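Q: predicted model and sequence below, questions to follow.
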Amino acid sequence: MVQPERIFNLKTTDTDNGNVVYWMSRDQRASDNWALLHALELSLRMKTELAVVFCLSDNFPGANIRHYDFMMEGLNELSSNLQLKNIPFYLLQGDPIPNLRRFIVENKVSHLVCDFDPIRIKQQWKEELSKEAEVNIDEVDTHNIVPARLVSNKAEFGAYTIRPKINRLLNEYLIEFPDLPVQEKTVTFKLQQTDWVGIYDRLEVDRAVLPVEWIHPGESAARDMMEYFLGNKISNYANGRNDPNEDFLSNLSPYLHFGQIASQRIALETQKNNSQDQNTQAFLEELIIRKELSDNYCFYSPAYGSLDSIPDWAKKTLAEHKKDEREHTYQLEEFENSLTHEDLWNAAQKEMVITGKMHGYMRMYWAKKILEWSASPEEAMEIAVYLNDKYGLDGRDPNGYAGCAWAIGGLHDRAWSERPVYGKIRYMNRNGAKRKFNIAKYIAKWSNVE
DNA sequence: ATCGGCTCGCGCAA
DNA sequence: TGCGCGAAGCCGAT
């Protein structure tokens, strides 16, 4: 039984006893998925059929073939996993709203289940669908451990304000998932088989940003990555996570972004370690508190990803320093092609372009310097978000928007000593990086790679 | 190596 | 109303 607080009813109609469809979007997995479990429960209660539908929109803002490749391979594996449970999976290409409307009518669907997502376009889609389709709609938060709508009803000021709210509810929601049962009903949904290759070839997206090889998409690869992290790397997490020359990070963010693994699953497995251990503590803080704070930020700040969403003290101080002279100023193209005067920054940019991921410590440094070297804070924010979304496999995610707003706009942070350009926004520089790790080694690693 | 100051405002205690 | 303390730091003093 899915906890009722996870379920948020978006629309109720008079129509009942039709089929059920789970419109999967953010949480692309068969196991550990409360939305899917709820959809199956609904179909059992009404003695009707369940299908899963994924709408593949060509012009999803900022997405390119690197993202589509990772996502579609994951969806392909997902469709086989669902088949084992006798749950049909349909990949519909194009604008989701007309596709879903048609699907609902053709398959006599009375109940639609969707997952929770604070990203703007997802919210718009749900609003449009509510208006344009005669169907009951339930939204299930299966991305956050403590449902985002429940944990707080406003944009939180910082980690320290959301932490007690999450911790208060954690025991209740950080529970084991049931196995996904097999659908007993004979399936009669009308649609042909998914043409995976054809759909991939027809995608009208930027194909210049290449897929990456070092990380493999899909639920089972996500589990492997998690197990490798917990078995080999987490024991160095607290002290080693800020050294970009070391490989102590979980590398789970691409999987989390596409929902190929549940953060709740990772938290459950992590807890099986000694939970008093400082490495476990540090990792869980990032996995739970900071990650769910990002969802809170995007959900309650309509202007997320821009400087309209930052606290007043930060707006004020950035405005006061808007006209400060910049020692270096670069345009998007120069940033994008690693053409700044600084080898350390250029190395970080290359790491992201080549691998689809940038080390956590360097992300902060990277975004701070974009603020320092752009014509205005607004332009800096735009450039940082654009580059992170375009090259990061974990881009277009609340974590990225919160991260850029933290570095450039003081979001969830406090004021610090005033200085040129930054104002009271926390400053970072090369000396700090030098104190923490061997920057020459990091620079060398990326300087000769094309 | 370690520490305090920098500087703002939320949230809780009183 | 006062006070403690906070998403990842920097800098200078000791």
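A: Thanks, I have it. Numbers count the residues shown, from 1 in each chain, chains lettered A, B, ... in the order given.
Q: how close does A:Leu92 sit to A:Ala133?
A: 14 Å (C-beta to C-beta, to the nearest Å). Glycine gets a C-beta too; all of them are placed from N, C-alpha and C.
Q: repeat for A:Trp214
A: Using C-beta to C-beta, A:Trp214 is found at 41 Å from A:Ala133.
Q: of these two, who's got more company?
A: Neighbours were counted for A:Trp214 and for A:Ala133 using other C-beta atoms under 10 Å; A:Ala133 has more, 20 against 9.
Q: look up how far A:Arg102 lies from the more buried one.
A: Distance from A:Ala133 to A:Arg102, by C-beta to C-beta: 10 Å.
Q: tell me the secondary structure for A:Tyr361?
A: helix (DSSP: H, G, I helix; E, B strand; the rest coil).
Q: now do the nearest residue to it once chain neighbours are set aside, the pLDDT please.
A: Spatially, and ignoring its direct neighbours in sequence, A:Tyr361 is nearest to A:Asn242 (4.5 Å; C-beta to C-beta, 6 or more residues apart in numbering). If you check A:Asn242, the pLDDT there is 87.
Q: lowest average confidence, helix or strand, in chain A?
A: Among the helices and strands of chain A, helix A:237-240 carries the lowest confidence by mean pLDDT, DSSP states H and E, at a mean of 86.
Q: beyond that one, next helix or strand please.
A: Once the chain leaves helix A:237-240, the next helix or strand it forms, by DSSP states H and E, is helix A:253-257.
Q: distance from the helix or strand that that following helix is followed by to the middle of the chain?
A: Downstream of helix A:253-257, the first helix or strand assigned by DSSP H and E is helix A:263-271. Centroid separation for helix A:263-271 versus its chain: 17 Å, with C-alpha atoms, centre = their mean, to the nearest Å.
Q: which neighbouring elements make contact with helix A:263-271?
A: Helix A:263-271 is packed against helix A:219-228, helix A:278-284, with contacts defined by 3 or more C-beta pairs under 8 Å, 6 or more residues apart in numbering; DSSP states H and E.
Q: any idea what sits nearest the closest residue to DNA strand B within the stretch 351-450 of chain A, other than its immediate chain neighbours?
A: Residue nearest to DNA strand B within the stretch 351-450 of chain A (C-beta to the nearest atom of the strand): A:Ala415, separated by 3.6 Å. What sits nearest to A:Ala415 in space, not counting adjacent residues and going by C-beta to C-beta, 6+ apart, is A:Lys424, at 3.9 Å.
Q: ok, now how distant is the residue in chain A sticking out farthest from the centre from A:Tyr422?
A: Farthest-out residue of chain A from its mean C-alpha position, per C-alpha atoms, centre = their mean: A:Glu325, at 35.8 Å. Distance, A:Glu325 to A:Tyr422, by C-beta to C-beta: 13 Å.
Q: same deal with A:Asn448?
A: A:Asn448 is 32 Å from A:Tyr422, where distance means C-beta to C-beta.
Q: likewise A:Lys47?
A: 62 Å.
Q: more neighbours: the two, which one.
A: Neighbour count, other C-beta under 10 Å: between A:Lys47 and A:Tyr422, A:Tyr422 has more, with 22 against 8.
Q: so the more buried one makes contact with A:His321?
A: Yes - counting by C-beta atoms under 8 Å, A:Tyr422 does reach A:His321; the two are 6.9 Å apart.
Q: could you verify that A:Val421 is part of a helix?
A: No - if the criterion is three-state DSSP, then A:Val421 is coil and not within a helix.
Q: neighbours around the residue nearest to A:Asp397 when sequence neighbours are not counted, how many?
A: Spatial nearest neighbour of A:Asp397, chain neighbours left out: A:His257 (4.6 Å); criterion: C-beta to C-beta, 6+ apart. Neighbour count for A:His257, taken as other C-beta under 10 Å: 23.
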